[in-house]
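Chemist: Quick one: sequence and predicted model below, then my questions.
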Amino acid sequence: MLDQWMTKRVLITVKTYPTPAWKGGEVVCAAGITSAGEWIRLFPIPYRLLDDPSKFSKYQWIEARVKKAESDIRPESYNVDIDSIRVVEEVRPDKGWATRKSLISHLMAKSMCQLRADRDANGFPTLGIVHPGSIERLRIEPTQEEWTTADLARMAQLRFIDNGTRQPLQKIPYTFYYDYRCDDPDCGGHKMSCTDWEMSESYRQWSRKYRDKWESAFRNKYEREMKEKNDTHFYVGTVHGHPNNWVIVGLWYPRRLP
């Protein structure tokens, strides 16, 4: 039943950078794995408006009341009763993320090409985690430096919710892409944007700290280390309203073990 609320326990693995929205002013898309071991997408979430005890981080178990999203045909998509979100516990990154991997490994796809083919044939999954056989490069492409008039109108709703006390959402003036080949032997290559909150937050912090030298630190973490030091995987998902478009919604990057 579409209108039936239920309580689910979810390990959060994905949290995207906020985007302006008519419902909520600004929202994030979160995703993760239920206690039954299935993908779930929680959207939209006005994350910065949540009370502090409800503000979850990646790799925390939460409990919340959810129901199947009526306006989103993606089978993993659920709406959330925001007031019901409760953080339960954290899954630590000890021993090369061993516990995290034990919870996620059964969902790792054979390749991005196979994941796309399965979705095209069956309509699902629209979420997954894939291994990039080789990361060719990280692209940093300039985009608009300021919010559009429509974006500002969406975010203006927040003034009536928080009395203007919240810091305005910073526009990230770049789009970050990975060029990579997946583990499919016939892969022709993928270019996918990355909307992970952590990546955007790194830009925000390092552009203030290093000013015009931020790109060096950024590439060290998100390009060199991802290619050379980490057991890198990409969390991927389709875009609401553009079901054939896949983006990287989160990064998995434990250090490679000897």
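Modeler: The structure has been received and is ready for your questions. Numbers count the residues shown, from 1 in each chain.
Chemist: Quick one: low-confidence residue ranges for the stretch 101-250 of the chain.
Modeler: 159-165 (pLDDT under 70).
Chemist: go with 80
Modeler: 157-166 (pLDDT under 80).
Chemist: Could I get the full set of helices for it?
Modeler: 112-122, 149-155, 159-162, 197-209, 214-219, 225-228 (DSSP state H, counting those that start in this stretch).
Chemist: could you dump the ones you listed to TSV with distance to Tyr17 and mean neighbour count?
Modeler: For glycine as for every other residue, the C-beta is placed from the backbone atoms N, C-alpha and C. TSV is the format used below for these (distance: least, CB to CB, whole Å; neighbours: other CB atoms under 10 Å):
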stretch	distance to Tyr17	mean neighbour count
helix 112-122	22	16
helix 149-155	13	14
helix 159-162	19	11
helix 197-209	4	16
helix 214-219	15	16
helix 225-228	18	15
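Chemist: out of the ones you listed, nearest to Thr238?
Modeler: Closest approach to Thr238 among those (CB to CB): helix 112-122, 7.0 Å.
Chemist: Give me the contact list for the closest one.
Modeler: 109, 124-126, 128, 130, 132, 182, 184, 186-187, 190, 234, 236, 238, 246 (CB atoms under 8 Å, 6 or more residues apart in numbering).
Chemist: per the record, what domains does the chain have?
Modeler: 8-90, 97-252 (automatic domain parsing).
Chemist: Mean neighbour count, those: which tops it?
Modeler: domain 8-90 (a mean of 18; mean count of other CB atoms under 10 Å).
Chemist: can you give me how far that one is from the chain middle?
Modeler: Averaging C-alpha positions (CA atoms, centre = their mean, to the nearest Å) puts domain 8-90 11 Å from its chain's average.
Chemist: Start and end of that domain, how far apart?
Modeler: 16 Å (CA to CA, to the nearest Å).
Chemist: Next: stretch 207-226.
Modeler: Length of stretch 207-226, first residue to last, CA to CA: 20 Å.
Chemist: repeat for stretch 235-253
Modeler: Stretch 235-253: ends 11 Å apart by CA to CA.
Chemist: can you give me the strands for the stretch 151-258 of the chain?
Modeler: 174-182, 190-193, 233-239, 242-252 (DSSP state E, counting those that start in this stretch).
Chemist: Save those as TSV, and put in distance to Glu141 too.
Modeler: Below are these laid out as TSV (distance: least, CB to CB, whole Å):
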stretch	distance to Glu141
strand 174-182	5
strand 190-193	9
strand 233-239	17
strand 242-252	14
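Chemist: Which one, of those, ends up nearest to Glu90?
Modeler: strand 242-252 (16.3 Å).
Chemist: mind checking how far the closest one is from the chain centre?
Modeler: That offset, for strand 242-252, works out to 8 Å (CA atoms, centre = their mean).
Chemist: For that strand, C-alpha coordinates in PDB please.
Modeler: Extracted as PDB, the C-alpha positions of strand 242-252 are listed here (Å, rounded to 0.1, in the frame of the first residue of the first chain):
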ATOM      1  CA  HIS A 242      15.700  11.400 -15.800                       C
ATOM      2  CA  PRO A 243      15.600   7.600 -15.200                       C
ATOM      3  CA  ASN A 244      18.300   6.800 -17.900                       C
ATOM      4  CA  ASN A 245      20.900   9.000 -16.200                       C
ATOM      5  CA  TRP A 246      23.100   7.500 -13.600                       C
ATOM      6  CA  VAL A 247      25.300   9.600 -11.200                       C
ATOM      7  CA  ILE A 248      27.700   8.700  -8.400                       C
ATOM      8  CA  VAL A 249      25.900   9.500  -5.200                       C
ATOM      9  CA  GLY A 250      28.600   8.400  -2.700                       C
ATOM     10  CA  LEU A 251      32.100   7.100  -2.400                       C
ATOM     11  CA  TRP A 252      33.500   4.000  -0.700                       C
END
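Chemist: Good, we can wrap up now.
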